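> Sequence first, then the predicted structure, then my questions.
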Amino acid sequence: MNLRKHLRESKDLGSSALNDILFILLFFFLIISTLANPNLVKVSVPKADSDSKAKQTVVVTVDSLQRFFIGTKISNADSLQSSIATAVVKSHDAEPTVVINGDKKANFENIVAVMRAAKALHLKTVVAVDKK
């Protein structure tokens, strides 16, 4: 006669913590993926054989509707130089660089206007292109 109690351990795995961890990881990657691309204004840039890697202090975008964006804020052609100067001051960078994202349909005159404004401020300019 067997009087001992048979205690059997259940073989269930606790998965409640796994759900929490997966949710936190999903949330983390969502936030990181939105911060990884600072250029929120989408344009199709021209293609070139080589590209130049430069620190993006100030990003100026000229879209297909000929609008100017300093970062993500829209700017007028008249106040372009002052808007770039304000963005450079906010960046606190020792060697500021202006990266120009020009859409394929943007007028060349508008891209040159950005270059002139940067040159008046004695800033280095780089034009962003897609590598072939």
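Thanks, I have it.

> Please work out which residues outside the host helix or strand of residue 29 touch it.
Assigned by DSSP states H and E, residue 29 belongs to helix 16-36. The contact list for helix 16-36 (CB atoms under 8 Å, 6 or more residues apart in numbering) is empty. (Glycine included, C-beta is placed from N, CA and C.)

> buried ones in that helix?
Residues of helix 16-36 include none that count as buried (16 or more other CB atoms under 10 Å).

> and what of stretch 79-98?
Along stretch 79-98, these residues count as buried under the neighbour rule (16+ other CB under 10 Å): 80-81, 83-85, 87-88, 96-98.

> I'd like to know which helix or strand in this protein has the lowest mean pLDDT.
Least confident element among the helices and strands of the chain, by mean pLDDT, DSSP states H and E: strand 47-48 (a mean of 64).

> Give the residue spans of this structure that score low on pLDDT.
1-14, 34-56, 131-132 (pLDDT under 70).

> could you pull out the helices for it?
Using DSSP state H, the helices assigned to the chain run over residues 16-36, 80-91, 108-120.

> Figure out how far the second one is from the centre of its chain.
Using CA atoms, centre = their mean, to the nearest Å, the mean C-alpha position of helix 80-91 is found 18 Å from that of the whole chain.

> Packing partners of it?
Applying 3 or more CB pairs under 8 Å, 6 or more residues apart in numbering; DSSP states H and E, one finds that helix 80-91 makes contact with strand 58-62, strand 68-70, helix 108-120.
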